[in-house]
Every structure is written in structure tokens, then in C-alpha cells.
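> Predicted model, plus sequence, below.
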Amino acid sequence: MNMINIFYCSSLSRLAAIASVYISHRETLRCPGGELLEAYFIGFIALISLAIILELIIIYTSGQGSITNTHPRRFIPLFLYIRLVIFLLELVWSGVGAYWGFSEWENRTPVEGKACDMSVVRAVKGTVVTSWIISFFILIAVFIFFDPLGSIDDTTDDDDEHLSHSREFLSTTGNAAKQVWERRCRLLCCCAGNDENSQDAFSDVSALMATFFKDLDIVPSDIAAGLVLLQYDQERHQRRGERPHIPQRIIPLVPPPIMPLEEEVDKCCHYIFYALGCYGWMYYMYDNMSCGLCNLCRHCQCCMCCRSGRVAQHDNCCNCNTSAVKQLTNLKDKDIVYMSYRNKIYEVPFFVALDHNEKAVVVSIRGTLSLKDALTDATAECEQMDIEGHEIYAHKGILRSAKTIKTILTDNQIIEQAFQKAESDDYSVVVVGHSLGAGTASLLSIMLKSRWPSLTCFAYAPPGGLISAAGVQYSADFICSVVLGEDVVPRLTLETLDDLKERMSSVIKKSTRPKYQLMLGACWHSFFGFPEKLPEESEDNSGNQESLDPQQPLIDGSPGSPVRQVYSGEGSSTSTSSQSVHKVALYPPGHFIWIQETRSVNRSCFGKRRYEAQFGRHEDFSYIIINPSMVTDHIPNNLFHALCYLKEQTVPEDV
């Protein structure tokens, strides 16, 4: 369905462009060879019109029936094959147009003193080139999204004779799925490099994705519809005053911190400027769209790549990132001890600076801002940390990033240089970061804690699957994790994803509503809120619930079967799809400050948001909340404004 949307948009744009060119230059085609150009235009318009009609039929047909009831959509494969034939004809016709359009029109003999207008020829050439470019990107999209495993079918019986064959089949499909995901990763991240770390990351990410999606046959629109249904279910339970679904797993208990909440919020508000500054000029321009460029130009210095004595390593030629750090933190050149914007897999930008007001040596680490960072995030296997006397496991990709920074700090004695520059023993080490930077800062703090006992860490919106329970207990006293509202990242672990997958499969099986109705309803409710009366669960459960067996394969291969089986994983309370990827449960680090928006019925859409803070528990972040704010709450700018509001107000007592 997503590929059809791509086809439809490209076909519509091409039809509009070619039709406008043909209509505007139709009279000028009465020239030698002009009949060829006219034939090209007419043929292409006919092909694209036919394609658009077929795509509209596919879009209409795909909207029929529920997600699991595929019988009304049984002709979709036939339509797709016809669309593929039309696409191949478009390629052939583009080749014919290339031959006609790029002929030697200048040397053709005029008829009755009339030659072809070269502007028409150039328009044809532009149309042909544009068609080939669009076709190229469509082929790339098909190459990425097409799933060759969809045709694999295992029709073995359940007797012992076929047990060995079934295991061999599962192993074959698992390896094939891993290869498919690795091919997609390499194509999407072709600019991420081809070194040893890149190969390792591609392999780990593809294994994770193949394992997670091994028992699902869904498209992105199914996921979107499932999230909508989950939000309905979540809202229904909240109105009943019921406890949200929490997967059955051990959750570490962390004692409340010694520092008062108000004092810790003030420190969080102070150090978030360093975490934001590390994002560089792109974040600064996003946050200051009106006058950000002018402010940056005051600190930028052109051709710095050709000069010696640069403060920042691997910054761009005008030191734009360094300029943004100075603007956000009010640091001077003499206060910046070290700065590196080198970005590779398992290597994230960071800087070390002196904060004289708080008497701190601040190590700030950047969050996710590139595909290389995304690959580091997605390398979610666990790896043991080298902490004497403690068996602590951590997120593999983030741990390797922390080790890279630790090596740079240790080999160059950067923190020691910072203390020498401060000329005081009263300074302490503070490590900060947001998102990926928060996870890296947390693991780096654990590794540096024995060397710098007074070290503290402020992790803004850290990843959920970061560290094992032993690491949570070890870091509870010196790592403060700050989370805004329903931010999904601190709740995102392989366990919560498995739970989300199982819940989504369950609500999809119960629903009898077409996807387009769910998506339109979601758009409406995003702007106007939920209605007073939500559809009851029994209404969605009245069509096909009894016919679904969660232990059957995803698609029922029996002839004429109208129902699509959505497999929800083995086991009851928690799925085991990720157990082969990692066996140690990972959690967010340290103790929590949880900031939540206070709902006010009188607040207008453009009114000032109000927030309150409290010390959170790891239990509060052990499940994913489905809400549009699950994404927006992770934006660093929103967390910054919430902390600024809290600093201006009287923070409530711990609840």
C-alpha cells in the first residue's frame, strides 16, 4: 500500500507536467520529426492515465475489509501485477522517448521553411530525464521495501516426520530475513562508511530487525492502525481508572535521592544548556529561526580549516558548531578545554568545558543527529562493562561510544588539563547529554566514577534499554535521568517493544473496522480530542475473534481462507522474539525526575504550558504510552522549556 502511494504521487506529478508541456507546445510540433515527439507525448499520457486509474482502484480496494479480513482485498495481487506491467511499459516508452528526444534535431531539413522549435525538443529531453530519475527512485524504493520472504511457504504437517524439515525451514527463512535487512541497512546508510565498526553495526542491526519481525507480516499502515487501536484501548482503560498494562518482568527499585527535588531541578535546568549546545548549529538555527544566522555569524570564523590552533576538532570550515556552543552556554574560548565533532559509528561528538559558576568540569555529549548515530542506537545487543566488583551489562552500541570518549579523555589527559586550567581543587566533574548523548554520558560516568568520586551525571531523556539492574543500582546516587511526559525513548527497550507488538497484534485481531476509518478518526481526534463515548471493546471483537488462533502462522495458507492471522508471539505475558538477540534485561540509568504537563481545561491552544515535577520510579517507564506526545516530548527544545518553567515556579513536594 505504501509503494502504491509512491507510484500514485509520482504518476500524478508526471501526468501534470507532461500534459502541460504537450498542451502548451502542441501547435509547434508541426515540423520534421514532430510527429515522433507528439506520439511520445500521447503515448506517455495514455500510459500514465491508465496507471493512475489502476492505482485509484488499488487504493479503493485496499481500504475494504478490516486488517485481518483480507477477503475483500483478494484481487490486490492481480492489480499489483498489472501495475508492474504498466511500469515496465513506462520504462520502455521512456527509452523510446530518449531515442527520439536526443536525436540530431538541428540537422533535420525544414519542411515548407518550418523547423522544429528547439524549446519543444528541450522540453521533451527534460521530460525524458525526469521520467528516468523518478523511475530510478521508484526502483530503489521497491528494492528497499520489497520483501522476498513473502512467497516462502511451509506446508509441512505437525507429525514427527516433518519436524526436522520445519526446523530447517525456520533456520533458512531466519538467515534470509537477516540478509534482507542487512541489504536494506547498507543501502539506506551507504554514506555511513565501510570500516569494521560499520560492518559490525550492519550485522547487529539486521539480526535484531530480522528477529523482531520474524513472526509479523504487516506493512507500515498496519502499524499505524494498530497504534490508533492501542490508543483507543489505552484511553478506555484510563477512563475506567484501570492500571495500564505492564509486562511481567523484574523492575529495579531505587531509593529516593538525598538531594531535594527543587535543588536538583535547578541543576538540571542549568546543565541542559550544555546538552543542547552540543547539538551545534543545526539545533541553534532550529531554535532561533528569526535571528539565529546573524547571531552565529558573530562567532564564526571562515577558513578555520586552514588555520592552526583551532579550539574544535573536525568542526566545519567556519566553526559553526563552536559558535553555537558559545551562544547557548556563554562560554569563552579559554573555557573550552576540548571539542570534537568527529562523527562515526560508535563515535559521537562531545566537548569539555569549564563552568566557573558551578565550579564544574563539564563533559557534554551530543545526541542522535545522523544515520551513523542511528546505527549506534540500533546496535541494541548487550555487552558487559569492565567495572571492578560489579557485573554490569549495557547497550553495546552506546557502550562502545562511551569507551571511545573515555579513551580520548584518558590518552590526552583532558580532564586533568581542565583542572589545571581551573587552578582550583573545588571543581567537580559533571557529564551531561540528551538522548544518545544521555546514554553515552551515563555509561561514561560509570566508567569514570572510580577516578573522579565526586562525579555527577545529568541524563536528559536517556534510552530505556541502556543498562542492567546491577548498573541501575550502582548509578542511582550520581546519575539523574530527566524525562518529560510520555517520551517514548526512555521507555523503549526490547522487552517493551515485544510487549507493544503483542498488544498491537491483539487489538488488530479484535478490530473489524477498515484502516482508512481508523486513520481518519486518528486525525480527527488529534485536533479535537476523543469523543465522550468510545467504541466498546465488544464492538471491535464481534467479527473474527473466535476464528483466530494466535499459535497459527501469520498468514493462513489454506485455500480460500478470508482471514489473515496475526501471530502474537510465543508465550503469554511476554514475547520471546528478542531472546536470541540479548538475554539480559536493560533499563534506564540512575534515578528519575519525571516532568509532566498539568492539564487545564481553561488553557487555550496557544496558552502557556504548565508543568510539575516529581521523583519517578522505574516502574513508571516500564511500558510504552501511545500518544502523539510520545514523540514531541523527546524533542530537546520541549524539555528545555519545561525545565525553565519549573525553575520559575515553586516545585511541589515529592509525591
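Arrived safely, thanks for sending.
> before we move on, which element is the most centrally placed residue in the chain in?
Of all residues in the chain, the one closest to the mean position by C-alpha atoms, centre = their mean is Ala374, 7.9 Å from it. In the assignment (DSSP states H and E), Ala374 maps to helix 371-378.
> what do you get for Val352?
Going by DSSP H and E, Val352 is part of strand 350-355.
> Give me the residues contacting that strand.
With C-beta atoms under 8 Å, 6 or more residues apart in numbering as the test, strand 350-355 has contacts from 274, 277-278, 312, 325, 329, 331, 335-340, 360-366, 405, 409, 414-415, 418, 421-422, 427, 430, 437. Heads up, the C-betas are built off the backbone N, CA and C, glycines and all.
> what about 6 Å?
The contact list for strand 350-355 (C-beta atoms under 6 Å, 6 or more residues apart in numbering) reads 331, 335-339, 362-365, 405, 414, 418, 422.
> for that strand, what is the average pLDDT?
The pLDDT scores in strand 350-355 average 94.
> Would you tell me what the next helix or strand after it is?
strand 360-365.
> Show me what that following strand is packed up against.
Here strand 360-365 touches helix 261-277, strand 350-355, strand 428-434, helix 436-448, going by 3 or more C-beta pairs under 6 Å, 6 or more residues apart in numbering; DSSP states H and E.
> now the strand holding Val352 and strand 428-434, what's the angle there?
Strand 350-355 and strand 428-434 are oriented at 130 degrees to each other (axes from the mean of the first three to the mean of the last three C-alpha atoms, to 10 degrees).
> Would you mind writing the CA trace of strand 350-355 as PDB?
What follows is strand 350-355, C-alpha atoms only, in PDB (Å, rounded to 0.1, in the frame of the first residue of the first chain):
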ATOM      1  CA  PHE A 350      31.500  15.900  22.600                       C
ATOM      2  CA  PHE A 351      33.200  18.800  24.300                       C
ATOM      3  CA  VAL A 352      34.800  19.500  27.600                       C
ATOM      4  CA  ALA A 353      34.500  23.000  29.200                       C
ATOM      5  CA  LEU A 354      34.800  24.800  32.500                       C
ATOM      6  CA  ASP A 355      31.800  26.100  34.300                       C
END
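> Now do that strand: distance to the chain's middle.
Here strand 350-355 is found 29 Å from its chain centre; the criterion is C-alpha atoms, centre = their mean, to the nearest Å.
> between it and helix 436-448, how big is the angle?
70 degrees.
> which residues sit against stretch 609-626?
By C-beta under 6 Å, 6+ apart, stretch 609-626 touches 227, 230-231, 234, 244, 246, 251-252, 256, 265, 486, 488, 490-491, 496, 500, 587, 592-595, 597-598, 642, 645-646, 651-652, 654-655.
> Buried ones in it, by neighbour count?
611-618, 620-626 (16 or more other C-beta atoms under 10 Å).
> quick one: which of the residues you listed is nearest Met519?
Ile626 (14.6 Å; C-beta to C-beta).
> For the closest one, give its distance to Ile595.
20 Å (C-beta to C-beta, to the nearest Å).
> Keep only those of the contacts of strand 350-355 that are in helices.
Among the contacts of strand 350-355, the residues falling in helices (DSSP state H) are Ile405, Ile414, Ala418, Ala422.
> For the second one, which residues are in contact?
Meaning Ile414. Applying C-beta under 6 Å, 6+ apart, one finds that Ile414 lies in contact with Tyr338, Val352.
> all numbers from here: first residue = 683
Got it, first residue is 683 now, which makes that one Ile1096.
> per-residue confidence at it?
94.
> how far away is it from Ser1022?
10 Å.
> where do the helices sit along the stretch 733-882 of the chain?
Residue ranges of the helices in the stretch 733-882 of the chain, as given by DSSP state H, counting those that start in this stretch, are 758-783, 800-827, 845-870, 878-894.
> averaging pLDDT over each of those helices, which comes out lowest?
What stands lowest among the helices of the stretch 733-882 of the chain, in mean pLDDT terms, is helix 845-870, with a mean of 61.
> returning to that earlier point: what's the most buried one of the helices and strands packed on strand 1042-1047?
helix 1118-1130 (a mean of 29; mean count of other C-beta atoms under 10 Å).
> Got phi/psi on Glu1029?
When read as degrees, to the nearest 10, the backbone of Glu1029 gives phi -150, psi 110.
> What's the local residue count around Ser885?
15 (other C-beta atoms under 10 Å).
> Run through the strands of the stretch 1183-1332 of the chain in chain order.
1273-1279, 1293-1298 (DSSP state E, counting those that start in this stretch).
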